[in-house]
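# Structure of the sequence below:
(one chain, ligands or ions: 1)
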Amino acid sequence: MNSLRDHFVSRQHELLALTCALVEAESPSGDKDGSLAAVSLLASAAATIGSVSSVERITSEEFGEHLCIKAFTDNNSPPIVILGHTDTVHPRGAIKERPWRAEGNRIYGPGIFDMKANCALALEVLLACEAIESCPRSPITILLTCDEETGSPSGRGLVEAETKNARAVLVLEPPASGGRVKTARKGTGMFSLEVHGRAAHAGLDPEKGVSAVLELARQTVRLSELNDPATGTTVTVTMVHGGTHTNVVPAEARAEIDLRFTSASEGLRVESAIRNLKPIDARAQLVVSGGINRPPLERTDGVAALYEHARTIAKLLDFDLGEASVGGASDGNFVGALGVPVLRTHCRRWYSGAWSFVGGIDRQPLRRGQNRPR
Ligand SMILES: [Zn+2]
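Take a look at the predicted model:
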């Protein structure tokens, strides 16, 4: 553990330099140029690592490139997959408003937490294994998709293909508060509800109209009744639109619905309830589209065992690794549904380890001039 720690401290400048370059190569989901820039940086860095046997850039028509790096492939045992993404939620130009900066032992920049720094750190792990002459018992696959923040329309198949035979999957998403790893995540569903009514003049003959807005309001109440705090199910109408003019009974209305659930069976139950909504005013028509997007990541025995293993290792670093169950989903949910042990592993303390590259582990304050390593 001490030699690992020393190695990471010695690599702080290089790690920060790559992280900074990745942050400054802005890569919001769907920005193909940004995706290619971020992937180029990582692919170039990976190509210089001795244990890496392949660096594959996989084109995604709409989003840019996914990146798959394989290392320590000398044996045929199931791989450990380190899973992350290169896209961010920050629009291009955000770096101008909030440029890379360091304060104390922290560094800031759009998308650094979720998850540019983590992408850089994943490569450092391979270098660290080499440095301490420790050959992992399993091959290591690093898979970084480019569309995770939009629900992984093109990355999902790749995630499932690369992880289905994995020994374990470590997901690089940010931790829960206090640096706790996430051992359970809710599944998600996204639905749209369109209501078709009948337009009429609100002053002359309102009785001839069928208000889609009124019907939608009633359906919103009905949908909220699907919430179940006991099981953790939440159904939230997040956006509503309706009507055409101030003096017309509205013929059209639409709502967006966000569903979160903790078990596959609960997801199916609520999905069925949403799909089978019936009009309260029989003259109105309802059209439901969408469905379950990500299955839940359930805390299986395999997940619990992997967490205990990680916790034992963290103890060697004097760190009590906590765990958490959260509502947000990630690509780790797809993996959990395959029955593979998953840990959302990138805890804040590891950041702290990484940040010590700016001076955390040895508690050295950041010196001027180190802020923008190149
Ligand atoms: Zn993320």
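# Whatever residue of the stretch 151-300 of the chain ends up closest to the ion: neighbouring residues, count only.
Closest to the ion within the stretch 151-300 of the chain is Glu173: 4.7 Å, counting by Cβ to the ion. No exception for glycine: its C-beta is placed from N, CA and C like everyone else's. Using other Cβ atoms under 10 Å, Glu173 is surrounded by 24 other residues.
# per-residue confidence for it?
Looking at Glu173, its pLDDT is 90.
# Make sure it is actually in contact with Ile82.
No - using Cβ atoms under 8 Å, Glu173 makes no contact with Ile82, being 11.5 Å away.
# Please enumerate the helices of the chain.
2-10, 12-24, 32-47, 94-97, 117-131, 156-163, 212-224, 264-275, 301-316, 332-337, 348-355 (DSSP state H).
# which parts of this structure sit against the ion?
114, 173 (Cβ under 5 Å from the ion).
# residues in contact with the residue lying closest to Ala305 once chain neighbours are set aside?
Closest residue to Ala305 apart from its sequence neighbours, by Cβ to Cβ, 6 or more residues apart in numbering: Pro341 at 6.8 Å. The contact partners of Pro341, taken as Cβ atoms under 8 Å, 6 or more residues apart in numbering, are 167-169, 300, 302-303, 305-306.
# Give me the distance between the residue of the stretch 251-374 of the chain found nearest the ion and Ile140.
Ranked by Cβ to the ion, the top residue of the stretch 251-374 of the chain for proximity to the ion is Ser330, at 5.8 Å. Per Cβ to Cβ, to the nearest Å, Ser330 is found 20 Å from Ile140.
# More neighbours: the two, which one.
Ser330 (28 against 21).
# Could you check the pLDDT of the more buried one?
78.
# Tell me which of the helices of the chain sits most buried.
Of all the helices of the chain, helix 332-337 has the most neighbours on average by mean count of other Cβ atoms under 10 Å, namely a mean of 24.
# what sits up against that one?
For helix 332-337, contacts defined as Cβ under 8 Å, 6+ apart pick out 81, 83, 152, 156, 159-160, 163, 166, 169, 171, 173, 182, 185, 187-188, 264, 294-298, 300, 303, 342, 344.
# which ones are touching the closest residue to the ion within the stretch 51-200 of the chain?
Closest contact between the stretch 51-200 of the chain and the ion, by Cβ to the ion, is at Asp114 (4.1 Å). Under the criterion of Cβ under 8 Å, 6+ apart, the neighbours of Asp114 are 88-89, 173-174.
# and of those, the nearest to Asp281?
Within the contacts of Asp114, the smallest distance to Asp281 is 39.0 Å, found for Val89 (Cβ to Cβ).
# Just to check, the closest one is in contact with Glu26?
No - using Cβ under 8 Å, Val89 is not in contact with Glu26, being 11.3 Å away.
# who has more neighbours, these two?
Shown here are Val89 and Glu26; by other Cβ under 10 Å, Glu26 has more neighbours (23 against 13).
# Go ahead and confirm that one touches Gly34.
Yes - the pair Glu26 and Gly34 passes the contact test of Cβ under 8 Å, sitting 5.1 Å apart.
# Pull the distance from stretch 127-145 to the chain's centre.
Offset of stretch 127-145 from its chain centre (Cα atoms, centre = their mean, to the nearest Å): 22 Å.
# how far does that stretch stretch from start to finish?
From its first residue to its last, stretch 127-145 covers 21 Å (Cα to Cα, to the nearest Å).
# Now do Arg299 against Gly322, distance only.
Distance from Arg299 to Gly322, by Cβ to Cβ: 14 Å.
# Tell me the residues that contact both of Glu26 and Gly34, please.
Shared contacts of Glu26 and Gly34, defined by Cβ under 8 Å, 6+ apart, are found at Arg92.
# quick one on the thing from earlier: of the helices of the chain, which approaches Pro250 most closely?
Of all the helices of the chain, helix 212-224 sits nearest to Pro250, with 4.6 Å by Cβ to Cβ.
# pLDDT on the closest one, on average?
Rounded mean pLDDT across helix 212-224 is 98.
# Over to stretch 68-77?
Stretch 68-77 carries an average pLDDT of 94.
# List of residues touching it?
Everything outside stretch 68-77 that qualifies as a contact, by Cβ under 8 Å, 6+ apart, is 42-43, 46, 49, 51-56, 58, 79, 123, 126, 129, 135-144, 158, 162, 167.
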